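Peer 1: need coordinates for the below:
(one chain, ligands or ions: 1)
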Amino acid sequence: MVSRVIPVDVFDLVVFGGTGDLAQRKIIPGLYRRYWGGHIPPESCIIGAARSDLDDAGYRALAREAIIEYVAEDKRDPEIIEAFLARLSYVAIDAKGTGGWDKLKARVRKGTVRAFYFSVAPSLFGDLAERLHLHGIANPESRIVVEKPFGRDLESAKALNAVLAQHFTEAQIYRIDHYLGKETVQNLMAVRFANILFEPLWKSEYVDHVQITVAETVSVDGRGSYYDRAGAMRDMVQNHMMQLLCLIAMEPPYHFDPDAVRDEKLKVIRALDPVSPDDIVRGQYLAGNGQGSYLEHCEDPASKTESYIALKVNISNWRWKGTPFYLRTGKRLRARTSEIAITFREPPHSIFDDAEGWRENVLVIRLQPNEGMNLKVMIKEPGPGGMRLTQVPLDMSFAEALGESGADIPDAYERLIMDVIRGNQTLFMRGDEVEAAWSWTDPIIEGWEERGDKPMPYDAGSSGPEDALMLMHRDGRRWREIRE
Ligand SMILES: NC(=O)c1ccc[n+]([C@@H]2O[C@H](COP(=O)([O-])OP(=O)(O)OC[C@H]3O[C@@H](n4cnc5c(N)ncnc54)[C@H](OP(=O)(O)O)[C@@H]3O)[C@@H](O)[C@H]2O)c1
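Peer 2: Residues are numbered from 1 along each chain as shown. All right, here's what the predicted structure looks like:
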């Protein structure tokens, strides 16, 4: 099966922070891959902007290095690389200064889709928005893309929303949560709403509980002081895991339309119960395997920030009352894996004597590695010896099932940037959604701060703190093993 290539319209994309880490690792290589894939018309222009004193040739050299480093060899075609680099240029601009704006204005073309990627610190969003208007570079059709973190609490998120709203309408603002650009995350919606199979069972009557795991093996070494101001709750739960939870829990939107989808996600966030301290376990990794501890990496021996969090979340609505969602995420864990596991309830009555062989049906949606789905079903154990039951996986790797097109799954950033150019906001967070997520998160974090709660230590390479096991054991459930 080969996926259809539908090119986007010709565009001018200005990447503020075009020399930074995100631009070099994700944005430029991602744009190249879409150019290579035929999605980007050759007349499109990409303009890097930052304070560094570079000319077009210097910026192209930087971009060439990024492509060589971050694009797989089989997609690095010298001719296509040169053609792509010819579409790149650079303007030196200080977001807080006056120079360079007229030059930028001269570079963007009339009648072309115009987008501005703010790949800079959020403290510069207001300056950029203001100057784009002041210099007549943004127009009512322009789009802006803003990066996470979108605030560190409700107050700062509201302030950011207010600053952007002074110059751009909500329909022009694309708040990135790159999790939403992942193929499997979008597949959650396809699985739920394009099949009749699951939806009738997708409720507390049939679902015992849901587990969402995002486990990482990496430490925070090298960005410890940045991470220490956030922690797992702000860095992962408030945004990425919240989005996953919403896609699992939301009602079917009336149409796959940006506001219809986001309205439904917002309703889920608003239905989240406050989380009691007893339903949260936080942890900090210890030193191990030749690497330092969290406290060494964050350079604050008294830090109370968590590198791991597990929590039990309840949704107070008709569909989910009585079905807990267990969320966990952390650094320096046993394996790098992200998955959502939906565990179904027991059948109401068993006609088989082999109660021991029985296991719950589990639908596992793997986000990484090896994106795919696995449905655990009961069958008869083969062979003579009576009716004994055993569980087998119906396993599907998307890459295997889809052949050539499955092997070329675009990176989340590529897909999201193409959506910006197409003007499709479905996979971007709306302002009210972000604020609602902070409204739920803030009291939890404030509670830790008021009580002076300290995270529990956990071994590097483990599954997290022991107490996290208890979070499920006491409910008569257990976490799935963390493994690749
Ligand atoms: N890196 C990631 O993986 C990642 C992931 C998720 C979100 N983000 C977010 O993406 C944004 C960029 O992150 P990053 O990691 O790329 O940061 P970075 O490596 O520090 O890059 C920052 C960029 O902003 C430019 N810049 C700084 N001050 C400026 C100013 N006054 N005017 C114009 N340009 C200025 C810098 O270039 P000059 O010094 O030349 O001006 C550089 O190009 C941040 O909001 C970050 O939170 C990053």
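
Peer 1: enumerate the residues of the chain near the ligand.
Peer 2: By C-beta under 6 Å from any ligand atom, the part of the chain that sits against the ligand consists of 16-23, 50-52, 93-96, 119-122, 124, 147-149. The way it works is simple: take the backbone N, C-alpha and C, and place the C-beta from them, glycine included.

Peer 1: now list the buried members of these.
Peer 2: 16-20, 22-23, 50-51, 93, 95, 119-120, 122, 147-149 (16 or more other C-beta atoms under 10 Å).

Peer 1: mark which of those are part of helices, please.
Peer 2: Among these, the members found in helices (DSSP state H) are residue 22.

Peer 1: C-terminal to the helix or strand where residue 174 lies, what's the next element?
Peer 2: When elements are defined using DSSP states H and E, residue 174 is found to belong to strand 173-175. Toward the C-terminus, strand 173-175 is succeeded by helix 183-193 as the next helix or strand (DSSP H and E).

Peer 1: so which elements touch that next one?
Peer 2: Contacts defined by 3 or more C-beta pairs under 8 Å, 6 or more residues apart in numbering; DSSP states H and E place helix 183-193 against helix 242-249, strand 362-368, strand 372-380, helix 398-407.

Peer 1: tell me which of the ones you listed sits most buried.
Peer 2: Across these, averaging neighbours per residue (mean count of other C-beta atoms under 10 Å) puts helix 242-249 on top, at a mean of 24.

Peer 1: distance-wise, check residue 141 relative to the ligand.
Peer 2: Plainly put, residue 141 is 24 Å away from the ligand if you go by C-beta to the nearest ligand atom, to the nearest Å.

Peer 1: my read: that residue touches residue 115, true?
Peer 2: No. No contact is recorded between residue 141 and residue 115 when judged using C-beta atoms under 8 Å, the distance being 9.8 Å.

Peer 1: since we're on residue 184, how many residues are nearby?
Peer 2: Here the number of neighbours of residue 184 (other C-beta atoms under 10 Å) works out to 23.

Peer 1: so it versus the ligand, what's the distance?
Peer 2: Residue 184 sits 19 Å away from the ligand, going by C-beta to the nearest ligand atom.

Peer 1: for that residue, what are its contacts?
Peer 2: If a contact means C-beta atoms under 8 Å, 6 or more residues apart in numbering, then residue 184 has 365-368, 371-372, 398 as its contacts.

Peer 1: ok, residue 269 next?
Peer 2: In this structure, residue 269 makes contact with 242, 246, 433, 436-437, 440, judged by C-beta under 8 Å, 6+ apart.

Peer 1: okay, these in a markdown table with distance to residue 340 and pLDDT next?
Peer 2: Written out in a markdown table, the entries for the contacts of residue 269 read as follows (distance: C-beta to C-beta, whole Å; pLDDT from 0 to 100):
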| residue | distance to residue 340 | pLDDT |
| --- | --- | --- |
| 242 | 13 | 97 |
| 246 | 12 | 97 |
| 433 | 19 | 97 |
| 436 | 21 | 98 |
| 437 | 18 | 98 |
| 440 | 19 | 98 |
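
Peer 1: surely residue 463 meets residue 483?
Peer 2: No. Between residue 463 and residue 483 no contact is recorded; they are 9.5 Å apart, counting by C-beta under 8 Å.

Peer 1: and those two? Which one has more around it.
Peer 2: Between residue 463 and residue 483, counted using other C-beta under 10 Å, the more crowded position is residue 463 (23 against 10).

Peer 1: excluding chain neighbours, what is closest to that one?
Peer 2: Spatial nearest neighbour of residue 463, excluding adjacent residues (C-beta to C-beta, 6 or more residues apart in numbering): residue 482 at 5.0 Å.

Peer 1: can you tell me the element that neighbour falls in?
Peer 2: When secondary structure is defined using DSSP H and E, no element contains residue 482, which sits outside every helix and strand.

Peer 1: wouldn't it be in contact with residue 337 here?
Peer 2: Yes. In terms of C-beta under 8 Å, residue 482 counts as a neighbour of residue 337; the distance is 6.1 Å.

Peer 1: joint contacts of these two?
Peer 2: The contact sets of residue 482 and residue 337 overlap at 213, 215 (C-beta under 8 Å, 6+ apart).

Peer 1: return the distance of the closest residue to the ligand within the chain relative to residue 337.
Peer 2: Closest approach of the chain to the ligand (C-beta to the nearest ligand atom) occurs at residue 20, with a separation of 2.2 Å. For residue 20, the distance to residue 337 under the criterion C-beta to C-beta, to the nearest Å works out to 29 Å.

Peer 1: next one: residue 37
Peer 2: Using C-beta to C-beta, which is the criterion applied here, residue 37 is 28 Å from residue 337.

Peer 1: looking at those two, which is more packed in?
Peer 2: residue 337 (21 against 17).

Peer 1: tell me who's in contact with that one.
Peer 2: For residue 337, the residues meeting the contact criterion (C-beta under 8 Å, 6+ apart) are 213, 215, 366, 368-369, 482-484.

Peer 1: on that earlier part again, doesn't residue 121 make contact with the residue of the chain closest to the ligand?
Peer 2: No. Under the contact definition of C-beta under 8 Å, residue 20 does not touch residue 121, with a separation of 9.5 Å.

Peer 1: bridged to the spatially closest residue to residue 233 that is not a sequence neighbour, which residues?
Peer 2: Across the structure, with C-beta to C-beta, 6+ apart as the measure, the residue nearest residue 233 apart from its sequence neighbours is residue 309 (5.6 Å). Here residue 309 sits in beta bridges with residue 282, residue 329, going by DSSP bridges.

Peer 1: my read: residue 309 touches residue 235, true?
Peer 2: No. Counting by C-beta under 8 Å, residue 235 is not a contact partner of residue 309; they are 9.7 Å apart.

Peer 1: between the two, which is the more surrounded one?
Peer 2: Regarding residue 309 and residue 235, a neighbour count based on other C-beta under 10 Å identifies residue 309 as having more, with 25 against 22.

Peer 1: circling back to that earlier point, ok, and what's touching the strand holding residue 174?
Peer 2: The list of residues contacting strand 173-175 from outside it, by C-beta under 8 Å, 6+ apart, reads 143-146, 148, 150, 164, 416, 419-420, 425, 428-431, 434.

Peer 1: let's go with 7 Å and repeat that
Peer 2: Defining contact as C-beta atoms under 7 Å, 6 or more residues apart in numbering, one finds that strand 173-175 is touched by 143-146, 150, 164, 420, 425, 428-429, 434.

Peer 1: try stretch 247-265
Peer 2: Under C-beta under 7 Å, 6+ apart, the answer for stretch 247-265 is 185, 188-189, 193, 210, 246, 267-268, 315, 320, 340, 424-426, 430, 433.

Peer 1: what about the closest residue in space to residue 332 that isn't next to it in sequence, neighbour count?
Peer 2: Residue nearest to residue 332 in three dimensions, not counting chain neighbours: residue 285, with 4.0 Å by C-beta to C-beta, 6+ apart. With neighbours defined by other C-beta under 10 Å, the count for residue 285 comes to 28.

Peer 1: go ahead and confirm residue 285 touches residue 303.
Peer 2: No. With contact defined as C-beta atoms under 7 Å, residue 285 does not reach residue 303; the gap is 12.0 Å.

Peer 1: picking up where we left off before, doesn't residue 336 make contact with the residue nearest to residue 463?
Peer 2: No. In this structure residue 482 lies outside contact range of residue 336 using C-beta under 7 Å: 9.2 Å.
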